[in-house]
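Asker: sequence unknown, structure follows:
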């Protein structure tokens, strides 16, 4: 559903074009989040945008979202009054360039996404990822496997610009993960415990899922994912997962992923190879089937 909005400014250029600045209440997403949407309308249909929101601006920045939006409205208005045809062509060209750069990747048609979160491509997490893949393949499910440590993923900067247009401003390998997640029904995260939490490369991917939340929220998507978490700990005792589990739970909750299963394997320092753990492969297979049910 559209966010509640109110019109702040309007300038009619001619019978075809007009400028409209609206204030949109995104409080349902974040407390006190307001988005300002400036649009060039052609026959009442938007053909160019400028958007900004209150969460973009830090306390030390003198200018705020509303003043920035009002200033942009006045700038567009002044330029459209002085040279209407040329500036309208410019705005449309800029909008097309923006849309071409940030256009969504083609739907890859995956049924499941597996995030192999260990920096080791051939360790225990990779072994368990292969079990998940084999299980899904036996069920005829198309699966994508990503290892964040081997990908170019920039850390999230908390700019909140993803809530302006429904996409992340960074053009990196996260785009492939977003596209895969938006097509799938199962999302599996496999991670070792590193210093009581997840490895840094996996945490970078987790933080960037802020944009995945924005994609679904801003575009009013009804897409849902089921989640499965599998983890290993070198030390013995389930208390060694006391920090990593809340990290994954928070990630899935924020991303709109419904966690349906979990497998925790401790004492890996002694066990060494997960393939020697009796019944573990079968347990993981059952969890995969359960999460798809």
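Answerer: In hand now; what should we look at? This structure is a prediction, so every number in the text was calculated from the model and none was measured.

Asker: could you show me where the helices are in the stretch 101-250 of the chain, in order?
Answerer: 124-138, 162-165, 174-183, 200-208, 210-218, 244-255 (DSSP state H, counting those that start in this stretch).

Asker: Where among those helices is average confidence lowest?
Answerer: Per-stretch mean pLDDT for the helices of the stretch 101-250 of the chain is lowest at helix 210-218 (a mean of 92).

Asker: How about the contacts made by the residue nearest to residue 191 when sequence neighbours are not counted?
Answerer: Of all residues not flanking residue 191 in the chain, residue 117 sits nearest, at 3.6 Å (CB to CB, 6 or more residues apart in numbering). Any C-beta I mention is one placed from the backbone N, CA and C, and that applies to glycine too. Each residue near residue 117 by CB atoms under 8 Å, 6 or more residues apart in numbering is listed here: 125, 147-149, 189-192, 198-199, 201-202, 205.

Asker: Mind putting the helices of the stretch 101-250 of the chain into TSV with mean neighbour count and distance to residue 265?
Answerer: Formatted as TSV, those follow (neighbours: other CB atoms under 10 Å; distance: least, CB to CB, whole Å):
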stretch	mean neighbour count	distance to residue 265
helix 124-138	19	8
helix 162-165	21	35
helix 174-183	20	25
helix 200-208	20	17
helix 210-218	20	27
helix 244-255	17	12
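
Asker: Nearest approach to residue 106 belongs to which of these?
Answerer: Closest to residue 106 of the helices of the stretch 101-250 of the chain, according to CB to CB: helix 174-183, at 7.4 Å.

Asker: what angle separates the closest one from helix 244-255?
Answerer: Relative orientation of helix 174-183 versus helix 244-255 (axes from the mean of the first three to the mean of the last three CA atoms, to 10 degrees): 80 degrees.

Asker: So which elements touch helix 174-183?
Answerer: Using 3 or more CB pairs under 8 Å, 6 or more residues apart in numbering; DSSP states H and E, the elements in contact with helix 174-183 are strand 112-116, strand 143-146, helix 200-208, helix 210-218.

Asker: So what angle separates the directions of that helix and strand 112-116?
Answerer: Going by the same axes, to 10 degrees, helix 174-183 is angled at 140 degrees with respect to strand 112-116.

Asker: Tell me which residues are up against helix 174-183.
Answerer: With CB under 8 Å, 6+ apart as the criterion, helix 174-183 contacts 104-110, 113, 115, 144, 146, 151, 153-154, 168, 187, 205, 208, 211-212, 215, 221, 223, 225.

Asker: same deal with stretch 33-49?
Answerer: 3, 5, 8, 16-27, 50-55, 65-66, 68-69, 72-73, 76, 88, 91-92, 94-95, 160, 163-165.

Asker: Can you flag which of these belong to strands?
Answerer: Using DSSP state E, the subset of the contacts of stretch 33-49 located in strands is 5, 8, 17-25, 50-53.

Asker: Might you report the residue contacts of the residue lying closest to residue 63 once chain neighbours are set aside?
Answerer: What sits nearest to residue 63 in space, not counting adjacent residues and going by CB to CB, 6+ apart, is residue 57, at 7.0 Å. Taking CB under 8 Å, 6+ apart, we find residue 57 in contact with 63, 64, 65, 68.

Asker: Appreciated, that's everything.
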